[in-house]
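K.L.:
requesting a structural model of the entry that follows:
(one chain, ligands or ions: 1)
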Amino acid sequence: MERASKRSKLQAELDELRKTIEAHNYAYYALDNPTVPDAEYDRLMRRLQEIEAAHPELVTPDSPTQRVGGTKLEAFREVRHARPMLSLENAFSDAELEAFDKRVRDRLADADISAERVTYWAEPKLDGAAVSLRYENGELVFGATRGDGTTGEDVTHNVRTIRSIPLRLRTSRPPAVLEVRGEVFMPRAGFLEFNKAAQERGEKTFVNPRNAAAGSLRQLDPRLTASRPLDAFFYALGEVSDELLRGLKTQSAIVEMLKAFGLRTCPEGAIVEGVAGCLEYYRRIGTQRASLPYDIDGVVYKVNRLDWQRELGFVSRAPRWAVAHKFPAQEELTIVRGVEFQVGRTGALTPVARLEPVFVGGVTVSNATLHNMDEVERKDVRIGDTVIIRRAGDVIPEIVAVVKDRRPAEARRVRLPKKCPVCGSDVERSEGEAIARCIGGLVCPAQRKEAIRHFASRRALNIEGLGEKLVDQLVDLGLVRTPADLYHLTAEQLAKLDRLGEKSAAKLVAAIAKSKETNFGRFLHGLGIANVGEATAMALANEFGDLDDLMTADEERLKQVADVGPVVAAAIHAFFHEPHNVEVIKALRAAGIRWPAVRRKSGDQPLLGKTFVITGTLETMTRDAAKARLQALGAKVASSVSKRTTALIVGNDPGSKLQAAQELNVEIWSEAQLRSALGEA
Ligand code: IVH
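P.N.:
Residues are numbered from 1 along each chain as shown. Below is the predicted model of the structure:
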């Protein structure tokens with residue numbers, strides 16, 4: 001009784017495994033659109049093999065273990081390989097590799113061949129699509145995919161479009177028949193470029209370079225294949241003329257011969273001695289993996305002597321003389337447990353997926369950035385989803401895709417929070433913008449240091465001596481929370497900070513006090529409103545003249561200012577309607593910050609009728625800002641010097657304009673003269 005129930009349970013697991021694996025096979029081979037990472041597929045396959053090995057009576061001819069892999073798409077002509085295209089046994093650890101090497105030596109010993117240390121030909125295991133090419137009398141007559149190993153698909157037309165594949169062998173005495181096996185792949189750079197372009201056109205992107213290669217090779221229209229950045233390396237033989245075979249003694253000689261024929265071979269191939277040599281090679285290629293221009297998923301070792309290869313022979317459809325030593329998977333499955341939003345120094349909100357911890361690419365990963373809401377929407381990531389996570393080299397882990405058919409009914413969409421998770425201020429995401437921002441620029445702890453550093457910077461309130469390190473300390477010690485707090489610091493408090501003696505503390509207090517006398521434009525710039533740079537701040541100052549008028553202006557009114565479009569108008573409006581910001585502004589005014597009344601654009605225009613040209617780098621403002629301010633006072637700003645130029649304003653490293661002005665006897669102004677013309681001290 002108990003036995004029977006155990007058996008039916010096992011049978012149920014077998015049925016389930018076979019069904020799942022077949023579904024994955026179809027998605028992978030026929031649709032070039034895998035639903036799960038290789039590691040997951042390998043685990044299922046291994047479990048199936050394990051059960052079948054323990055219960056051979058349960059093996060069925062249609063079990064996925066009974067075929068080499070692959071399934072054919074209907075549209076291509078079927079071709080039977082003259083020699084089967086083999087698969088490889090895998091080794092997932094050093095111990096499994098050692099066991100392989102021992103089996104090789106034991107078997108050779110049985111044939112009275114004593115090999116203390118076997119010499120292997122080692123090369124990367126390329127992650128592409130296997131192909132077989134047939135050259136007759138030196139001419140490429142035929143190209144096929146691997147298919148199920150026995151029959152593949154005729155992709156001759158497509159193979160012929162791959163530029164590195166010779167249509168004719170480079171030899172004056174070509175063999176009657178040469179079949180070569182290799183891997184078509186898409187180099188990583190080409191893959192990234194291709195996906196970027198496809199995304200921009202709104203077309204389907206590929207999950208990884210391998211699927212891109214397989215998909216491209218199986219295009220019905222060869223013109224499409226031709227447009228894809230494909231390449232190919234060759235590493236083995238199929239059917240070949242006897243006269244050619246006779247001269248070949250080793251695997252490395254085969255590779256040399258292919259190279260001489262003009263076929264590309266992997267430049268990393270090498271001869272290694274024994275297990276120790278294999279492991280050394282494995283580690284070396286492992287460290288290079290992330291920087292190789294193409295994807296690999298392990299290394300392959302082949303017994304180098306061909307007579308020994310013949311002696312060892314085959315088991316089912318894999319050679320006994322070769323093994324694939326796999327690298328840790330770079331893609332794994334895991335579950336999105338939640339999505340949190342991190343606030344950066346500039347207020348940008350970044351969605352970060354909290355994951356069920358998973359071992360991938362050699363480390364345990366529990367978070368993955370989703371960059372921004374556009375990305376979340378494009379990938380359609382939801383909380384509760386099963387996702388493919390990828391970690392390649394030292395690159396930060398990313399969510400590659402969602403496994404849609406594993407989405408639970410209760411999966412929740414990711415929503416952008418309305419309030420900043422750090423400070424509770426409003427979150428703004430303008431139409432068409434990928435990035436959402438917290439608008440509590442002056443109060444948000446996440447943005448505090450950046451806000452204060454910006455406020456004190458030279459082109460804003462210009463507090464001399466208040467560098468980044470000091471700002472860090474002041475915020476970390478809780479002495480400063482908003483820019484307004486700067487104005488209440490005492491010399492005693494400052495003298496306690498690292499690297500600040502009494503003298504410099506007193507100097508800093510004086511500099512802070514001095515910054516209270518400013519101008520309206522600098523003050524606005526210092527507030528750090530998103531999308532409001534120095535020039536826009538100056539333009540706003542000139543246009544409004546009065547802070548209260550600006551703070552109460554609606555978006556329509558704001559849009560009347562030069563350079564202020566809908567996005568900037570919305571940012572300004574939102575900033576001044578965030579109560580925390582309003583409070584800080586109030587505190588700043590109460591601390592005594594003031595500026596001379598600004599002459600309105602429509603009113604007094606002391607520079608009307610004058611034309612200026614600016615050259616070189618100014619120290620206290622950008623050229624754009626200087627231009628905006630000059631224009632606000634009625635001046636024109638031209639791009640080249642002429643006789644009509646009133647003055648050339650010269651900053652550091654002036655250009656050829658300076659000489660032109662001297663030749664034309666045009667007046668030359670320093671930055672100080674400019675500032676006095678602008679009404680600054
Ligand atoms: S040798 C007789 N060498 O791996 C041995 N295969 O899992 C035939 N592959 O179908 C394979 N790089 O598509 C060999 N350097 C390499 C390889 C390689 C990738 C693929 C090949 C094969 C599969 C077996």
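
K.L.:
pick out the residue of the stretch 251-400 of the chain closest to the ligand.
P.N.:
Going by CB to the nearest ligand atom, the ligand is nearest to Val300 of the stretch 251-400 of the chain, at 4.1 Å. All C-beta spots, glycine's among them, are computed from the backbone N, C-alpha and C.

K.L.:
got the contact list for that residue?
P.N.:
88, 122-125, 235, 322-325 (CB atoms under 8 Å, 6 or more residues apart in numbering).

K.L.:
could you report the pLDDT at the residue in the stretch 401-550 of the chain that the ligand sits nearest to?
P.N.:
Proximity of the stretch 401-550 of the chain to the ligand (CB to the nearest ligand atom) peaks at Ala401, 23.3 Å away. Looking at Ala401, its pLDDT is 90.

K.L.:
contacting residues around the host helix or strand of it?
P.N.:
Taking DSSP states H and E as the criterion, Ala401 maps to strand 398-402. Outside of strand 398-402, the residues within contact range by CB under 8 Å, 6+ apart are 207-208, 331, 336, 353, 368-370, 379-382, 385-391.

K.L.:
helix, strand or coil for the residue of the stretch 251-400 of the chain closest to the ligand?
P.N.:
Per DSSP: H, G, I helix; E, B strand; the rest coil, the local secondary structure of Val300 is strand.

K.L.:
show me what it is bridged to.
P.N.:
Glu123, Ala324 (DSSP bridges).

K.L.:
quickly note the distance from it to Pro56.
P.N.:
Distance of Val300 to Pro56, given as CB to CB, to the nearest Å: 29 Å.

K.L.:
for Gly393, grab the count of nearby residues.
P.N.:
For Gly393, the count of nearby residues is 13 (other CB atoms under 10 Å).

K.L.:
phi, psi of Ala260?
P.N.:
Note on Ala260: its backbone torsions stand at phi -60, psi -30 [degrees, to the nearest 10].

K.L.:
typo on my end, Thr622
P.N.:
Torsion angles, degrees, to the nearest 10, at Thr622: phi -80, psi 160.

K.L.:
equivalent analysis for the one 5 residues further on, please.
P.N.:
According to degrees, to the nearest 10, the main-chain angles of Lys627 amount to phi -60, psi -50.

K.L.:
do the one 3 residues further on as well
P.N.:
Its backbone dihedrals place Leu630 at phi -60, psi -40, with angles given as degrees, to the nearest 10.

K.L.:
for it, which residues are in contact?
P.N.:
Leu630 neighbours (CB under 8 Å, 6+ apart): 607, 612, 637, 677-678.

K.L.:
repeat that for 6 Å
P.N.:
612, 637 (CB atoms under 6 Å, 6 or more residues apart in numbering).

K.L.:
do the one 3 residues further on as well
P.N.:
Contact partners of Leu633, counting by CB under 6 Å, 6+ apart, are 605-607.

K.L.:
now it: closest residue in space that isn't a chain neighbour?
P.N.:
Once flanking residues are discounted, Leu633 sits nearest to Leu607: 4.2 Å by CB to CB, 6 or more residues apart in numbering.

K.L.:
what's around that neighbour, how many residues?
P.N.:
Around Leu607 there are 18 residues (other CB under 10 Å).

K.L.:
pLDDT wise, what is it at?
P.N.:
Predicted confidence (pLDDT) for Leu607: 86.

K.L.:
contacting residues for it?
P.N.:
If you count contacts by CB under 6 Å, 6+ apart, then Leu607 has 633-635 around it.

K.L.:
please redo it, this time with the cut-off set to 8 Å
P.N.:
Residues counted as contacts of Leu607 (CB under 8 Å, 6+ apart) are 630, 633-635, 677.

K.L.:
which parts of this structure sit against the ligand?
P.N.:
86-88, 123, 125-126, 130, 146, 183, 235-236, 300, 319, 322, 324 (CB under 6 Å from any ligand atom).

K.L.:
now, those that are in strands?
P.N.:
Assigned to strands by DSSP state E, the following of the residues of the chain next to the ligand qualify: 123, 125-126, 130, 183, 235-236, 300, 319, 322, 324.

K.L.:
list the contacts for Ala306?
P.N.:
Careful, residue 306 is Leu and not Ala. 248-251, 254.

K.L.:
ok, which stretches of the stretch 401-550 of the chain are strands?
P.N.:
Secondary structure of the stretch 401-550 of the chain by DSSP state E, counting those that start in this stretch: the strands cover 412-413, 427-428, 436-438.

K.L.:
out of those, which one sits most buried?
P.N.:
strand 436-438 (a mean of 25; mean count of other CB atoms under 10 Å).

K.L.:
centre of the chain versus that one, how much separation?
P.N.:
22 Å (CA atoms, centre = their mean, to the nearest Å).

K.L.:
coming back round to it: quick one: strands adjacent to the strand holding Ala401?
P.N.:
strand 386-390 (antiparallel).

K.L.:
contacts for the partner strand?
P.N.:
36-37, 207-208, 330-336, 353, 355, 358, 360-361, 365, 368, 381, 397-403, 406-407.

K.L.:
mind doing that once more with 6 Å?
P.N.:
With CB under 6 Å, 6+ apart, strand 386-390 has contacts from 37, 330-336, 360, 397-403, 406.

K.L.:
contacting residues for Arg453?
P.N.:
With contact taken as CB under 6 Å, 6+ apart, Arg453 is in contact with 468, 471.

K.L.:
apply 10 Å and report the result again.
P.N.:
Residues in contact with Arg453 (CB atoms under 10 Å, 6 or more residues apart in numbering) are 345, 460, 466-468, 470-472, 475, 483, 528.

K.L.:
for Thr151, see how far away it is.
P.N.:
In terms of CB to CB, Arg453 sits 67 Å off from Thr151.

K.L.:
go on, Asp426?
P.N.:
63 Å.

K.L.:
same check on Ile452?
P.N.:
Distance from Ile452 to Thr151, by CB to CB: 70 Å.

K.L.:
same deal with Val403?
P.N.:
30 Å.

K.L.:
repeat that for Ala587.
P.N.:
Distance, Ala587 to Thr151, using CB to CB: 79 Å.

K.L.:
thought Arg354 was touching Thr369?
P.N.:
No - using CB atoms under 10 Å, Arg354 is not in contact with Thr369, being 11.4 Å away.

K.L.:
find the closest residue to the ligand in this protein.
P.N.:
Ala130 (3.1 Å).

K.L.:
residue contacts, that residue?
P.N.:
Taking CB under 10 Å, 6+ apart as the test, what Ala130 contacts is 69-70, 85-87, 144-147, 149, 152, 181-184, 214, 217, 235-236.
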